[in-house]
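1. Give the three-dimensional model of this entry:
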Amino acid sequence: MEKLNLPVYSFKIKSEGERKFIFDGIRKKYVPLTPEEWVRQNFIKYLESEKNVPLSLVAVELPLKVHNVDKRCDIVVFGRMGTPLLIVECKAPSVNISQNVFEQIARYNISFRVSYLVVTNGLSHYCCLIEHGRGTYRFLRQIPVYGELKEG
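-> Prediction:
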């Protein structure tokens, strides 16, 4: 798989015929190893090892409804009281991070109302702080460590 702009982590990968699978420790199963899944699994490891996010407070591909359409949020990080704090939208490295990607995660945030939105393709990472009370947002230079995340 493609080298990402993240630290190098090790994973359990297996092959079945021509297909490769990567073990997802959150979902506790092997999933098809697509370019987007490669980014998702690396970013989960990044959140755990670099941002001190407890894996017990992470959900992967969490279902939600957007305008009565079933969707899935790539990564959701929860606070210790079960409140969503941060959502991550992962794209394959070949996908440009565009305004459409930010609009997608903003639509997901209608359901979650988190303060932190992260978009990554494994090469570029963007973190946005939503200030719901003010109706404003701003981009952060880096993703805060888990203990610094505040509720929406």
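2. Quick one: the strands in this structure, in order.
-> Here the chain has its strands, by DSSP state E, at 13-16, 19-24, 29-32, 58-66, 69-78, 84-90, 116-120, 125-131, 136-140.
3. so which of those gets nearest residue 147?
-> strand 84-90 (11.0 Å; CB to CB). Placement of C-beta: from N, CA and C, glycine included.
4. any idea how far residue 74 is from residue 99?
-> 18 Å (CB to CB, to the nearest Å).
5. quick one: which of these two has more around it?
-> residue 74 (24 against 7; other CB atoms under 10 Å).
6. The more buried one: what's it in contact with?
-> Residue 74 sits next to 40, 60-61, 87-90 when contact means CB atoms under 8 Å, 6 or more residues apart in numbering.
7. Contacts only, for the spatially most central residue of the chain.
-> Centroid-nearest residue in the chain, with CA atoms, centre = their mean: residue 88, separated by 2.8 Å. Shown in contact with residue 88 (CB under 8 Å, 6+ apart): 43, 47, 74-77, 118-120.
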